[in-house]
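A.B. asks: Structure of the sequence below:
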Amino acid sequence: MTEFIPPGTRFHVLPLPFPMKRGGALHGARVAYETWGELDAARDNAILIVTGLSPDAHAAANEGDTEPGWWEAMLGPGKPIDTNRWFVVCVNSLGSCKGSSGPASIDPATGDLYRLDFPELSIEDVAEAAFGVVRGLGIERLACVIGNSMGGMTALALLLRHPGAARAHINISGSAQALPFSIAIRSLQREAIRLDPNWNGGRYNDDTYPESGMRMARKLGVITYRSALEWDGRFGRVRLESDRPDEDPFGLEFQVESYLEGHARRFVRRFDPNCYLYLSRSMDWFDLAEYGNGDVMAGLAKVRVDKALAIGVSTDILFPLQQQQQIADGLRAGGADARFLPLDSPQGHDAFLVDFARFGPAIGDFLAGL
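C.D. replies: You can find the predicted model right below:
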């Protein structure tokens, strides 16, 4: 499979070897990142953004790539993450196929793709790789780490493993451990990919891409990323204008089905299936209770930041509100000035990607107070 790397991407080469939490090591691995703004003389105005499962490092337009990014409305001059003040770094997750080393990368030991020979990936590995970028840029202490979704997990792992790495933290629709419902959904997504005959134990190519499995996995994900309230308000029971063809009597009939199909088709062949499997499983494994003698609150209390904001959405079924409340409570127990902010958005887990009227002021006001 081909890696999908935005044109403005820069790279940080990880130390050789780069040890992985669950065993094994990477040699000659790299992490993709992009930057915005200027690092000040004191080198203390840096913000790190760590992402969800699928985004690349191109969060917004910059000199290297003028195309809008996935968080364009949030990041830039005069925007909530104001690059007139902040030097912003966004890192593509280790294990991804958007420039950072992962199963779709070349294994230097063999000259072939890693595929399933890539070492088992943990959120902690993703965090260590991101922290390597920060240190590589000569930043001793970040002003803030912002983590969205899976990135909320990554941010917590980074802060726990590197006390004092940042003055502040914004955790957006994240969690300190995977809940059974989320694990079950991701398990079904992985099963859809693995049961596609073209997956072939991870040995596929561009001609034998497991498209059906990836389509099903993406559709299931999109259903959980939004809320039933939004699905009802946006589509209702509206049917497609054209009748179903006779040769496909169980084909697409409702507009919501057509939406999911279109969304899935735009995603497949733009993300490597093996990378999807690795990153998905890393989220299921993540549990800060490992660092608190079996108590997730004790694990959170070991994180050291001065100030924190945990934002959640009332309609999020994948990372429900109680998980962001838990993060705020746990960080407060560790001495942080931590606040929990529940937002009443109809757009579910993906609200931070679309509901800028709510998320923009919340994030902008927090950063203005640093």
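
A.B. asks: list the buried ones in stretch 112-125?
C.D. replies: Residues of stretch 112-125 classed as buried by neighbour count (16 or more other Cβ atoms under 10 Å): 113-115, 118-119, 121-125. To be clear about C-beta, it is placed using only N, CA and C from the backbone, and glycine gets the same treatment.

A.B. asks: ditto for stretch 181-190
C.D. replies: Those would be 182-183, 185-186, 189-190, for stretch 181-190 by 16+ other Cβ under 10 Å.

A.B. asks: chain center to that stretch: distance?
C.D. replies: Distance of stretch 181-190 from its chain centroid, counting by Cα atoms, centre = their mean, to the nearest Å, is 16 Å.

A.B. asks: Let me see the residues that make contact with it.
C.D. replies: Stretch 181-190 is contacted by residues 175, 216-217, 220-221, 224, 276-277, 280-281, 283-284, 317-319 when judged by Cβ atoms under 8 Å, 6 or more residues apart in numbering.

A.B. asks: which one of these is nearest residue 261?
C.D. replies: Nearest to residue 261 among the contacts of stretch 181-190 is residue 216, at 10.8 Å by Cβ to Cβ.

A.B. asks: If you drop the residues flanking it in sequence, what lies closest to that closest one?
C.D. replies: Distances taken as Cβ to Cβ, 6 or more residues apart in numbering put residue 192 closest to residue 216, at 4.0 Å, once the chain neighbours are dropped.

A.B. asks: Quick one: mean pLDDT over stretch 95-106.
C.D. replies: Across stretch 95-106, the average pLDDT comes to 97.

A.B. asks: distance between the ends of that stretch?
C.D. replies: 12 Å (Cα to Cα, to the nearest Å).

A.B. asks: Show me what counts as buried in it.
C.D. replies: Quick answer for stretch 95-106 (16+ other Cβ under 10 Å): 95-105.

A.B. asks: can you check stretch 195-202 too?
C.D. replies: Judged by neighbour count (16+ other Cβ under 10 Å), stretch 195-202 contains these buried residues: 196, 198-199, 202.

A.B. asks: And it, how far out from the chain middle?
C.D. replies: Offset of stretch 195-202 from its chain centre (Cα atoms, centre = their mean): 25 Å.

A.B. asks: what's it in contact with?
C.D. replies: Under the contact criterion Cβ under 8 Å, 6+ apart, stretch 195-202 has outside partners 103, 115-116, 193, 204, 208-214, 273-274.

A.B. asks: one more time with 6 Å
C.D. replies: 115-116, 193, 204, 208, 210, 212-213, 274 (Cβ atoms under 6 Å, 6 or more residues apart in numbering).

A.B. asks: Take these and lay them out in TSV including secondary structure and pLDDT.
C.D. replies: TSV is the format used below for these (DSSP: H, G, I helix; E, B strand; the rest coil; pLDDT from 0 to 100):
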residue	secondary structure	pLDDT
115	helix	97
116	helix	98
193	helix	98
204	coil	96
208	helix	94
210	coil	97
212	helix	96
213	helix	97
274	helix	98
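
A.B. asks: State the distance from residue 278 to residue 220.
C.D. replies: Going from residue 278 to residue 220 by Cβ to Cβ, to the nearest Å gives 18 Å.

A.B. asks: more crowded one of these two?
C.D. replies: More crowded of residue 278 and residue 220, by other Cβ atoms under 10 Å: residue 278, with 27 against 17.

A.B. asks: center of this protein - which residue?
C.D. replies: residue 52 (1.0 Å; Cα atoms, centre = their mean).

A.B. asks: any low-confidence regions in the stretch 101-250 of the chain?
C.D. replies: Low-confidence segments of the stretch 101-250 of the chain, defined by pLDDT under 70: 242-247.

A.B. asks: can I see the domain layout of this structure?
C.D. replies: Domains of the chain are assigned by automatic domain parsing as 10-178+286-368, 183-275.

A.B. asks: Can you say which of those domains is packed in most?
C.D. replies: A comparison of those by mean neighbour count, using mean count of other Cβ atoms under 10 Å, puts domain 10-178+286-368 on top with a mean of 21.

A.B. asks: how far does that one stretch from start to finish?
C.D. replies: End-to-end distance for domain 10-178+286-368: 28 Å, by Cα to Cα.

A.B. asks: now that domain, how far from the centre of its chain.
C.D. replies: The chain centroid and the centroid of domain 10-178+286-368 are separated by 7 Å under Cα atoms, centre = their mean.

A.B. asks: And the helix or strand hosting residue 230, what does it pack against?
C.D. replies: Element membership for residue 230, per DSSP states H and E: helix 228-235. Under the contact definition 3 or more Cβ pairs under 6 Å, 6 or more residues apart in numbering; DSSP states H and E, helix 228-235 sits against no other helix or strand.
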